[in-house]
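[1] With the sequence up front, the predicted model follows.
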Amino acid sequence: MSTHTRISLIHVAIVIAVAIVVRWQYVQIVPTPILTADSYGYITIGNQIIDHPTLSTIINEFRTPIYPMIVGFMLRQFGSLDGVVLLQQILGIGTVLLVLLILRSLKVSPWVFVCVGIAVAINPLLFQWERFIMTESLAIFMVMLFLYFWIHTYAKPSVIWLIGLTLSGIIMMLVRPATIIIPFIPLLFRMIGRPIREKIQLGICMAIILAVPFLYQMGNIVFHGYRGIQRAADIAQLGNILLSDMDISKGASVPFYFTAVTRYRQLNGVPNPFRLIDTIGSDDIYQSTERMNDLQLFTRLVLQNNIPAFVKQAVYRYPASLFNQSAYLQVIKYIEHLPVEFVALYKYATGINLGIVLIILLVPFACVLYYRSRTRIHEAVIVGSIIIALQTMFHAALIYEEWSRLNAIIIPIATMILAFWITRGIQEIKMLHKNRKLTWKIWQLIFLP
C-alpha cells in the first residue's frame, strides 16, 4: 500500500486546527487591519475599478489589478477592511491546505505530512501578512495553487489541470509581476522526456502565461501612454542606482533625472528613491506619465552602462537579502508588545531562512538525484530548489529593500524541500548505521574465533 493512503482526515484536521488556533491568537494581538503606504494605493485603485470598471481603469500603470479589485469589492460588501483580512486569513488556511495536498501527491509519510503542515501553519512570515492590506497572502496562495496544478500534470496533463495551471499562472503574475520566473521552471522541467503532444500542450500554457505581462504593458501604452507594467518597478531601479552609486553619465540624455540625481548626491541625500523624488517634487513625478517614461529610460541607460557594478551589488547583498528582518521590524512597528510565544515563532522563521541557504547549496545534489531517478518527488525537489535560488536572486538584484516580505512567497516551498533533505539525511544515517553493524558482523565471522 502506498504511503499516502495512510494519511487520513485526522492528520489534515490536526494541521488545520493548529493553523486556525495560531491565527486566532494573532488576531487578539492585531485586532485591526494594518495599513502601509502601499495599502492606500490598493484602496484608491480598487475603488476606481469598482466605480468605473473599464479597461482603462483595470489596466493601470500604478498597480496590477487583481488585488485592488478584491480590496475594492470587499470594501463595498463589508463597508470596512475587515472583509479583506478575513478573506486573507481564509487564503492563509488555503495555502496550508494546498501544501498538504501537494505533500499527499508526493506520497510522503504521515509524520512528514503533519510536521511540514504544522511548520507552514505556524510560520509568522506567512500568517502576519493576512493582517496587512498587501498582496502577500494572495501571492503566496497563488504560487502554491500553481504548483498544485503542476504536480498533477506529472502522470499525464489532462485538459482540466492544464487550464488550472494556465489560469493560476496568469492570476499569479497579475497579483505579483515579480513572480514571472516561477511558472517557467516547472513547465520546462515537465517537458523533459515527454511525448511531443504533451510538450506542445505545456508550451502553449507557457506562451499564454508569458504573453500576459507583454499584453499588460501594451495596454498601459494604449490607455495611459506608459511604457512599463507598473511604476514601482522603475522607482526600484532608481533605488539600485542610488545604492550602488553608479556612474550616471550615460543618462545625461535624460536631463531632468540626470540633474536631479547629480544634485541629490551633492547634497549627500540618503540612497532612497522616494526621498529623491520628494526633493524634486513628488506631484510633478507621480502625476506625469512623461516623467515616468523618462525615469524608465534613464534607469535603463544607466544600468546598461553599469552592468559590472550592478552584478557586484547584487552578489554583495544576496546573503543579506536571505537574512533580511524587514518583515519582523514592520510588525513590531505596529505591535507595541509582541508576546513571547510569537517572538519564538519569529526565531523559528529565521531558522527557515537558514534552511533556504542550505537548499541553495544542495541544488547540485538535487540535480544528481533527478538525473539518477526522475521520480515525481525528485522533480519537485529540483524544481522547487531552482525556483528558490532564482527568485531570491531576482529579488536581491532588482529590488533594493524589504526582501523578507518579498521572499515570503517561497517559504512554503522551502519548508517542504527542507523536510525532504532532513528525512533523506535520517535515512542515510540509518543506512550507514545498518551497514556498520553488518560490516562488524562479517568481521566477527571471519576474524574472531
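    Sure thing, it's come through.

[2] mind showing which ranges of the stretch 251-400 of the chain have poor pLDDT?
    Where the stretch 251-400 of the chain drops to pLDDT under 70, the residues are 336.

[3] Run through the helices of it in chain order.
    Taking DSSP state H, counting those that start in this stretch as the criterion, the stretch 251-400 of the chain carries its helices at 255-266, 273-280, 282-286, 289-305, 307-322, 326-334, 340-361, 363-372, 376-398.

[4] Return the list of helices and strands in contact with the fifth one.
    Using 3 or more CB pairs under 8 Å, 6 or more residues apart in numbering; DSSP states H and E as the contact criterion, the neighbours of helix 307-322 among helices and strands are helix 231-244, helix 340-361, helix 376-398, helix 403-406. Quick note: C-beta positions are derived from backbone N, CA and C, even for glycine.

[5] Which one, of those helices, ends up nearest to residue 23?
    Nearest to residue 23 among these is helix 340-361 (11.7 Å), distances taken as CB to CB.

[6] Now do the closest one against helix 326-334, angle only.
    Calculated by axes from the mean of the first three to the mean of the last three CA atoms, to 10 degrees, helix 340-361 forms an angle of 160 degrees with helix 326-334.

[7] what sits up against helix 340-361?
    Helix 340-361 is contacted by residues 22, 25-26, 29, 119, 122-125, 322-323, 325, 328, 338, 385, 388-389, 392, 407, 410-411, 414-415, 417-418, 421 when judged by CB atoms under 8 Å, 6 or more residues apart in numbering.

[8] any idea how far residue 396 is from residue 307?
    As judged by CB to CB, to the nearest Å, residue 307 and residue 396 stand 16 Å apart.

[9] Those two: which has the busier surroundings?
    Legend: neighbour count by other CB atoms under 10 Å for residue 307 and residue 396, higher for residue 396 (23 against 9).

[10] show me what contacts that one?
    314, 317-318, 320-321, 403.

[11] Now which of those would you call buried?
    By neighbour count, with 16 or more other CB atoms under 10 Å, the contacts of residue 396 hold 314, 317-318, 321, 403 as buried.

[12] Please work out how many residues are found near residue 177.
    When neighbours are counted by other CB under 10 Å, residue 177 registers 18.

[13] if I pick it, what's in contact with it?
    Contact analysis of residue 177 by CB under 8 Å, 6+ apart lists 64, 213, 229-230, 233.

[14] Throw those residues into CSV and include neighbour count, thanks.
    Below are the contacts of residue 177 laid out as CSV (neighbours: other CB atoms under 10 Å):
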residue, neighbour count
64, 24
213, 15
229, 22
230, 17
233, 15
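
[15] Helices along the stretch 101-250 of the chain, start to end?
    Per DSSP H, counting those that start in this stretch, the stretch 101-250 of the chain has helices spanning 110-121, 124-127, 136-151, 159-175, 184-191, 196-224, 231-244. These are given in chain order.

[16] okay, the helices and strands packed on helix 307-322 in JSON lines with distance to residue 138 next?
    What follows is the helices and strands packed on helix 307-322, written out as JSON lines (distance: least, CB to CB, whole Å):
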{"stretch": "helix 231-244", "distance to residue 138": "17"}
{"stretch": "helix 340-361", "distance to residue 138": "20"}
{"stretch": "helix 376-398", "distance to residue 138": "17"}
{"stretch": "helix 403-406", "distance to residue 138": "13"}
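
[17] Can you check which of those gets nearest to residue 332?
    Using CB to CB, these put helix 340-361 closest to residue 332, at 9.2 Å.

[18] And the buried ones among the contacts of residue 396, which is closest to residue 82?
    Nearest to residue 82 out of these is residue 403 (CB to CB; 29.6 Å).

[19] ok, that closest one to residue 392 distance?
    8 Å.

[20] now swap in residue 41 and tell me
    25 Å.

[21] Among those two, which residue is more densely surrounded?
    Just comparing residue 41 and residue 392: by other CB under 10 Å the higher neighbour count belongs to residue 392, 23 against 17.

[22] now that one, nearest residue through space, not along the chain?
    Counting by CB to CB, 6 or more residues apart in numbering, residue 407 is the residue found nearest to residue 392 once chain neighbours are left out, at 5.9 Å.

[23] List the residues that contact that neighbour.
    By CB under 8 Å, 6+ apart, residue 407 lies in contact with 321-322, 324, 353, 356, 391-392, 395.

[24] Residue 261 contacts residue 276, correct?
    Yes. Under the criterion of CB atoms under 8 Å, residue 261 makes contact with residue 276 at 7.0 Å.

[25] Between these two, which contacts overlap?
    Residues touching both residue 261 and residue 276 by CB under 8 Å, 6+ apart: residue 242.

[26] any idea how far residue 242 lies from residue 318?
    Distance, residue 242 to residue 318, using CB to CB: 19 Å.

[27] and if you look at residue 347?
    Counting by CB to CB - residue 347 and residue 318 are separated by 23 Å.

[28] and what of residue 46?
    To residue 318, residue 46 is 34 Å away according to CB to CB.

[29] do the same with residue 45
    32 Å.

[30] Which residue is the nearest non-sequential neighbour of residue 15?
    Leaving aside its chain neighbours, residue 15 sits nearest to residue 117 (3.5 Å; criterion: CB to CB, 6+ apart).

[31] quick one, what contacts the one you found?
    Residue 117 touches 11-12, 14-15, 18, 96, 99-100, 103, counting by CB under 8 Å, 6+ apart.

[32] With secondary structure, distance to residue 429 and pLDDT as added columns, please give those in TSV.
    Shown next, in TSV, are the contacts of residue 117 (DSSP: H, G, I helix; E, B strand; the rest coil; distance: CB to CB, whole Å; pLDDT from 0 to 100):
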residue	secondary structure	distance to residue 429	pLDDT
11	helix	25	93
12	helix	30	95
14	helix	27	96
15	helix	27	97
18	helix	28	97
96	helix	30	97
99	helix	26	97
100	helix	27	96
103	helix	22	95
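
[33] The residues you listed, buried ones only, as a ChimeraX selection?
    Typed into ChimeraX, the next command selects the buried ones out of these (criterion: 16+ other CB under 10 Å):
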select :11,12,14,15,18,96,99,100,103
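
[34] biggest separation within the contacts of residue 117, which pair?
    Among those, the pair separated by the greatest distance (CB to CB) is 18 and 103, at 15.0 Å.

[35] ok, residue 383 touching residue 186?
    Yes. Look at residue 383 against residue 186 with CB under 8 Å: they come within range, at 5.0 Å.

[36] shared neighbours of the two, anything?
    Shared contacts of residue 383 and residue 186 (CB under 8 Å, 6+ apart): none.
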